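S.K.: Need coordinates for the following:
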Amino acid sequence: MAKPIVGLDLGGTKIASGLVDLESGTLLGSGLSTRKTFDPDQDADVFASLVAAIHETLSVNAMGMQDIGGIGVCVPSPVDPKTGFLYNPPNLRGWANIPLRDRLQEVCGIAIAVDNDANAAALAETRWGAAKGLSRAIIYATISTGIGTGIIINGAILHGKNGLAGEGGHVPLDGFGNTRCGCGNIGCIEALASGTAMVKLARELLVQRSGHSSLWEMTHGNLETLDMIMIGEAARQSDLFSQEIIAIQGMRLGLWLGGMVALFDPEMIVIGGGCANLGEPLFHAIRETMIKRTIHPKAGEIPIVPAQLGTASGVIGAASLL
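M.R.: This is a model prediction of the structure:
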């Protein structure tokens, strides 16, 4: 039996880690564990926290470095997968231009693989999750605080020349408007249809219209507390305003995915992240617009499905990089 792999999903606020069996794509032993990405009471910096997460995962599973086959790390950043070099992660303070793989190898003395978090999740969902059994062309999109994408072609991550392919969340949908994305560009789909963008739109329209919506009661009149979960719950309770917000988000995502479908002719589109929990109302709006707004003659036959691996997708995907 092959040695298990430690998988780490490094995020802006937390690090998820676990021991993964690559034969079954499952978590072993203690399962998934999390810790803060930056904890001033315990760790000097993000790198120290990452190393601590590795040692903690080994410790709770009663293993040493010699008992594992390597360590996979996925990060919210453009990455050169050949060298494990991070370029400019927007949500990790002071982490521009970091040779992460080399630094971890110096400390751990074992095989290390590093890639973008959406790429890793795309790989996990193709090998073990919603797209299992498919491999020719898969589009994976995680839609939550931002929008990340991973493209799988013939069973492998599409990396491009410099390892920077697949940044679908930063494809401009409206390059001449005034909606600025966190990346600095204008009109990226992330700025227009992420969970963050959906909540922002709901707040703006609620104030503009001063109309009836159960969201006012849910937030007790404080719209700063509004989130995706509230919008989804209100929509399920037949709140027309919340249903409209979800339809607008689905229309924007469908327009964007119409272009992605024309480019990649996928077998399946897998949607992960918190917005996937909005369910069929969102998926219906995406399908309806995507079919109308693409040159692809068989777009209606492409399944659009929710991701299956949930919070474990990053850790399992990171381990799969090995």
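S.K.: and the residue nearest the centre of the chain, what does it touch?
M.R.: Nearest residue to the geometric centre of the chain (Cα atoms, centre = their mean): residue 142, 3.8 Å. By Cβ atoms under 8 Å, 6 or more residues apart in numbering, the residues touching residue 142 are 117-118, 121, 148-149, 271-273, 307. Every C-beta, even on glycine, is put in place using the N, C-alpha and C of the backbone.
S.K.: And the residues you listed, which two are furthest apart?
M.R.: 117 and 271 (15.4 Å; Cβ to Cβ).
S.K.: Isn't residue 245 up against residue 230?
M.R.: No: the pair residue 245 / residue 230 is not scored as a contact, 10.7 Å apart, by Cβ atoms under 8 Å.
S.K.: neighbour count winner among the two?
M.R.: More neighbours surround residue 245 than the other of residue 245 and residue 230, with 25 against 18 (other Cβ atoms under 10 Å).
S.K.: does that one sit in a helix, a strand or a coil?
M.R.: Here residue 245 is recorded as helix under DSSP: H, G, I helix; E, B strand; the rest coil.
S.K.: Now do the contacts for it.
M.R.: 198, 201-202, 205, 231, 235.
S.K.: just these now: which is nearest residue 182?
M.R.: When the contacts of residue 245 are ranked by distance to residue 182 (Cβ to Cβ), residue 198 comes first, at 15.2 Å.
S.K.: Give me the neighbour count for that closest one.
M.R.: Residues near residue 198, counting by other Cβ under 10 Å: 27.
S.K.: separation between it and residue 107?
M.R.: 40 Å (Cβ to Cβ, to the nearest Å).
S.K.: try residue 59
M.R.: Where residue 107 is concerned, residue 59 sits at a distance of 16 Å (Cβ to Cβ).
S.K.: The two - which one has more neighbours?
M.R.: Per other Cβ under 10 Å, whichever of residue 59 and residue 107 has more neighbours is residue 107, with 15 against 11.
S.K.: Listing partners with orientation, what would you give for the worst-scoring helix or strand of the chain on mean pLDDT?
M.R.: The helix or strand of the chain with the poorest confidence is strand 33-36; it has a mean of 89 (mean pLDDT, DSSP states H and E). Applying DSSP bridges, strand 33-36 is found paired with strand 14-21 (antiparallel).
S.K.: Other residues contacting the partner strand?
M.R.: Counting by Cβ under 8 Å, 6+ apart, 4-9, 26-37, 49-50, 53-54, 56-57, 61, 63, 68, 311-312, 314-316, 319-320 sit against strand 14-21.
S.K.: Show me how to select, in ChimeraX, the buried members of those.
M.R.: Only the buried entries of the contacts of strand 14-21 go into this ChimeraX selection, using 16 or more other Cβ atoms under 10 Å:
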select :4,5,6,7,8,9,27,32,33,34,35,37,49,50,53,54,57,61,63,68,312,314,315,316,319,320
